[in-house]
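Visitor: Sequence and predicted structure below; questions after.
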Amino acid sequence: MDAIYDPQRIEAKWQQRWAEMKLFEADVDPERKKYYVLEMLPYPSGALHMGHVRNYTLGDALARYLWMKGFNVIHPMGWDAFGLPAENAAIKHGRPPAEWTFSNIEVMRGQLKRLGFSYDWRREIATCAPEYYRWNQWLFLKMYERGLAYRKKSRVNWCPECETVLANEQVINGCCWRHEETAVVEKDLEQWFLKITHYADRLLEDMKHLVRWPERVLTMQRNWIGKSHGTFVDFRIEGLDDSLRVFTTRVDTIFGCTAVFIAPDHPMVEKLIALSKSPQKLREDADRVKASSVRARVEVNLEKLGADTGFRARNPFSGALIPVWLANFVLTEYGTGAVMSVPAHDERDFEFSTDYNLPIKTVIVPQNGKLKEPLEEAFVEYGRLVDSGKYSGLTSEQAIERMTVDAEAGGFGQGTVQYRIKDWGISRQRYWGTPIPILYCDKCGIVPVPEADLPVVLPSEVKLTGQGKSPLETVSEFVNAACPRCGGKARRETDTMDTFVDSSWYFYRYTDPQITLGPINQDAVRYWFPVDQYIGGIEHAILHLIYMRFFTKVMQDIGLVEFSEPVARLFTQGMVLKDGSAMSKSKGNVVDPTEMCAKYGADTVRLYMMFAAPPEKDLDWSDAGIEGAWRFLNRVYRLVEKHKVTLQVSNAGSLEPNLGIESLSSDERRLLRKAHQVLRHVTEDMEYRWHYNTDIAMCMELTNELAESEVAFAAGKIRKEVFRLAIEFLLVALSPFAPHLADELWEALGHSEPILKFPWPAFDPELAAEDELELPVQVNGKLRGRIRVAANASEEQIRQFALEDEKVKQYLNGKQVVKIVLVPQKLVNVVVK
RNA sequence: GCGAAAGUGGCGGAAUUGGCAGACGCGCCAGACUUAGGAUCUGGUCCCGCAAGGGGUGGGGGUUCGAGUCCCCCCUUUCGCACCA
């Protein structure tokens, strides 16, 4: 042990020793209770950022604590290694994506190791390895067999910057999730989809198992799925054989329907144009409305725009003839692409009808009241029906039910459930991803690649241009293949999979990353699952975290797993900011973990990350703050360094020397009380609250207490074993956050095994308790004095002390004591008149 | 616009169930050691006031012996959703 704290030397030493001891390697052991700690795997972009460090430090602290609590802890790490940046880098610098990716992984693995995280590196995976993505293909084929993967031509979101298609989940405010400034454009393309809509109800239903997920995430998922009950109603169009089907959740308002609105790109629009008296004008109107439609917009507020088609439709309930209008705010892809307009009871219809002078007819009134006519705004709540024929007088709830039944009986409608979520488009017109294992044969059509032929390996010699076509199309050896059915000529699918497929099941693979018999080792999964604690950023709430749940349900249906939810508990940590905004290269405000480790060491970086804010909150990086963490670790180091010779014992091992509470001096009692209080706080916090900032504050308090006890220790008023025990408690409490330093000092005290090998000590409630209390005394709620009483003093005694206190007495002069409120352990309040 | 969360010293943040507001750290002030200090140690540090005392957790009201914490109204910030019929 050096005289001066040298984190570089200490951290290298302990990382090497932990690796030699295989300290973090866990294997299936039915005798022991397992715990699965999982953190979101990083994309190998080139370097770790502070957000990663925070995420992984949180997981590491928990994992180390659980090891000491006796759990068999699986704590793996891997690489989300397919993706666009690799391909873009390749285009820019002429380096193959694989080379770029693997060299980034080298760098970032080195960073993780430098930080000393407790990963079982035997379990490392990279999703771009054929041994891994082969099973993406396998799972895809299983879905294909079940009709859960299908191909269809559809309108898709295209990012001109990425030169590829995006999933709905990847479009934010009409722009690309990677390029916030780039508006998404629409294209009609043949695409592969995964039928997540088939699981919409189960994704909702199973949320009841996710009691330890943040409510925020569940709410976002619930909104994204967007289940709503309603009714289809068919409106016959005059002069046409067809009827127009609308979807409504408020069929009770249908007697107030004064128009039907249809999306400008609704399939029926072409038909209407063809039959129109003025087709020229109608086409122009349709184009104009379409140009301003919801899908085309990027800005937030859309002016409502519409045009009368000249056609009329008959309301099947009231028999009224009403105009059919084109409207730019009607979404083609939701419901039926057409709605009934009830301006009196829908805000949007009200606005539109006011603008275009369409009539407004009230058919719902509040349960016990009237509406002021003419309406100033739509009345959208449930109420009682008026002016609605035989339905008048019913409540909205009753009417919805009865009218839906009547529509079904009359053959002009039916009850239905609609979802906002759509199937997951996974085709990407890019190179660096999992090839979709499909062939197109002139004779046989779509033919899946036989399982035995997997993996379909991504060719390595590919010219990348980023020009909006699948690069694989240019590789004739890849494209041209024999049809597995007829042996004839076939073409391979040249699109690759969305990389969110890779991350939808990777955490299963960790439990046996080398297995070649199937995607997962079911025995290992049975032992290790579910993931007990998953930690990551909130930004994946409706991307990864919903896809991952979907995949598990598919795997359950295939018989691969026996449960429907993979993650028992989710924690979403806050972001790491610099000067109030996210760190980014373009802003030039990036704090580099490697630099920080070189300057202060990993323990300081980790400690600061945990100390600066509670983990769920955003953390603003502060250079002064990390200095404070550094100084604290130096204080701890010097404290032990100073006393180690005195405290060393050859046969050290026990954290609980036999010290009877009654034999302690008052100085000893005070020091040990603090030590046990700290341990109590950290232990309870580790179990459920995770406010590590307060745990570290407690460690600082104990360090201060130890420093203050040095005089008494030198004077022999504190015995060696007591002082030593307090230091050991400090090191234990600190070890999840600053593990290298803790081990170095632990060893200096004479221990031959790392701290992780010791069971987490139990605190003694009796020792942690105060034996004398200082109670505040209030008079009429204002603090007036303090009394010292024994912890076991009777209420009677406390009352008496309180009333006798000199300062309190002054305020009681000439007043009548009405009552005395006594809160045990907390305070006394004397109420006077 | 709708929904959720949050507003506490100069700063990051404590106060877990209604019970001493400001733990712990940063910063700042003073002092010690020192050739020196951006090292270390000691003391101080919510505001007003010499003091006694008074005020104080975004603003206003309420419940309570007692409110940062509970209730109502308002303001601000952040996040999510934004024509989903």
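Guide: Looks like it arrived, so ask away. Predicted model only: the values in this text are computed from it and were never measured. Residues are numbered from 1 along each chain as shown, chains lettered A, B, ... in the order given.

Visitor: Which residue, other than its chain neighbours, is closest to A:Trp746?
Guide: A:Ile755 (4.8 Å; CB to CB, 6 or more residues apart in numbering). C-beta coordinates here come from the backbone N, C-alpha and C atoms, glycine included.

Visitor: pLDDT score for that neighbour?
Guide: For A:Ile755, the model assigns a pLDDT of 96.

Visitor: Please apply the same query to A:Asn301.
Guide: For A:Asn301, the pLDDT comes out at 63.

Visitor: Excluding residues flanking it in the chain, which one is nearest A:Ala707?
Guide: A:Leu639 (6.7 Å).

Visitor: what about chain A, any weak spots by pLDDT?
Guide: A:294-301, A:468, A:649-658 (pLDDT under 70).

Visitor: sorry, back to before: can you list the helices and strands that the host helix or strand of the residue nearest to A:Ala707 packs against?
Guide: Using DSSP states H and E, A:Leu639 sits within helix A:623-647. Under the contact criterion of 3 or more CB pairs under 8 Å, 6 or more residues apart in numbering; DSSP states H and E, helix A:623-647 touches helix A:593-600, helix A:602-611, helix A:692-708, helix A:720-734, helix A:739-748.

Visitor: out of those, deepest packed?
Guide: For the helices and strands packed on helix A:623-647, the largest average neighbour count (mean count of other CB atoms under 10 Å) is found in helix A:602-611, namely a mean of 27.

Visitor: near RNA strand B, which residues of the stretch 351-500 of chain A?
Guide: Those residues of the stretch 351-500 of chain A that sit near RNA strand B, judged by CB under 7 Å from any atom of the strand, are A:Gln418, A:Arg420.

Visitor: Cross-check the contact I'm expecting between A:Val732 and A:Ile755.
Guide: Yes. With contacts counted by CB atoms under 8 Å, A:Val732 reaches A:Ile755, the gap being 6.6 Å.

Visitor: Name the residues contacting each of those two.
Guide: Common contact partners of A:Val732 and A:Ile755 (CB atoms under 8 Å, 6 or more residues apart in numbering): A:Met68, A:Ala742.

Visitor: returning to what we had before: count of neighbours near the residue nearest to A:Ala707?
Guide: 17 (other CB atoms under 10 Å).

Visitor: OK, contacts around it?
Guide: A:Thr703, A:Leu706, A:Ala707, A:Ile727.

Visitor: Among those residues, which pair sits farthest apart?
Guide: A:Ala707 and A:Ile727 (11.3 Å; CB to CB).

Visitor: circling back: buried ones in the helix or strand that comes right after the helix holding A:Leu639?
Guide: Using DSSP H and E, the next helix or strand after helix A:623-647 towards the C-terminus is helix A:666-684. For helix A:666-684, burial by neighbour count (16 or more other CB atoms under 10 Å) applies to A:667-683.

Visitor: ok, and what's touching helix A:666-684?
Guide: A:659, A:661, A:664, A:694-695, A:698-699, A:701-702, A:705-706, A:709, A:712, A:717-719, A:722-723, A:725-726, A:729-730, A:732-733, A:760-761, A:763-765, A:767-771.

Visitor: Those residues: which ones sit near RNA strand B?
Guide: Answer for the contacts of helix A:666-684 near RNA strand B (CB under 7 Å from any atom of the strand): A:Thr694, A:Glu701.

Visitor: In a strand, A:Val73, correct?
Guide: Yes. Judged by DSSP: H, G, I helix; E, B strand; the rest coil, A:Val73 forms part of a strand.

Visitor: you'd agree it is up against A:Ala26?
Guide: Yes. The pair A:Val73 / A:Ala26 is scored as a contact, 5.7 Å apart, by CB under 8 Å.

Visitor: Overlap in contacts, those two.
Guide: Common neighbours of A:Val73 and A:Ala26 (CB under 8 Å, 6+ apart) are A:Lys34.

Visitor: Using CSV, write down the CA coordinates of stretch A:193-200.
Guide: Below are the C-alpha coordinates for stretch A:193-200, written out as CSV (Å, rounded to 0.1, in the frame of the first residue of the first chain):
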residue,chain,number,x,y,z
PHE,A,193,-44.0,-7.2,-41.4
LEU,A,194,-44.2,-8.8,-38.0
LYS,A,195,-47.7,-9.2,-36.7
ILE,A,196,-47.4,-7.4,-33.4
THR,A,197,-51.1,-6.4,-33.7
HIS,A,198,-52.0,-10.1,-33.1
TYR,A,199,-50.6,-9.6,-29.6
ALA,A,200,-52.0,-6.2,-28.9
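
Visitor: what's next to that stretch, contact-wise?
Guide: By CB under 8 Å, 6+ apart, stretch A:193-200 touches A:143, A:147-152, A:154, A:203, A:225, A:227, A:419, A:421-426, A:546-547, A:550, A:553-554.

Visitor: Tell me which of the residues you listed fall in helices.
Guide: Among these, DSSP state H puts A:Met143, A:Leu203, A:Ile225, A:Ile546, A:Tyr547, A:Phe550, A:Lys553, A:Val554 in helices.

Visitor: Could you list which of those residues also contact RNA strand B?
Guide: Counting by CB under 7 Å from any atom of the strand, no member of the ones in helices among the contacts of stretch A:193-200 is near RNA strand B.

Visitor: out of those, what pair is the most spread apart?
Guide: Across these (CB to CB), the longest gap, 19.3 Å, separates A:Met143 and A:Ile225.

Visitor: sorry, back to before: for the helices and strands packed on helix A:623-647, which one sits closest to A:Gln280?
Guide: Among those, helix A:593-600 sits nearest to A:Gln280 (CB to CB), with 65.0 Å.

Visitor: now that closest one against helix A:602-611, angle please.
Guide: Interaxial angle, helix A:593-600 versus helix A:602-611 (axes from the mean of the first three to the mean of the last three CA atoms, to 10 degrees): 110 degrees.

Visitor: How far away from the center of its chain is helix A:593-600?
Guide: Averaging C-alpha positions (CA atoms, centre = their mean, to the nearest Å) puts helix A:593-600 28 Å from its chain's average.
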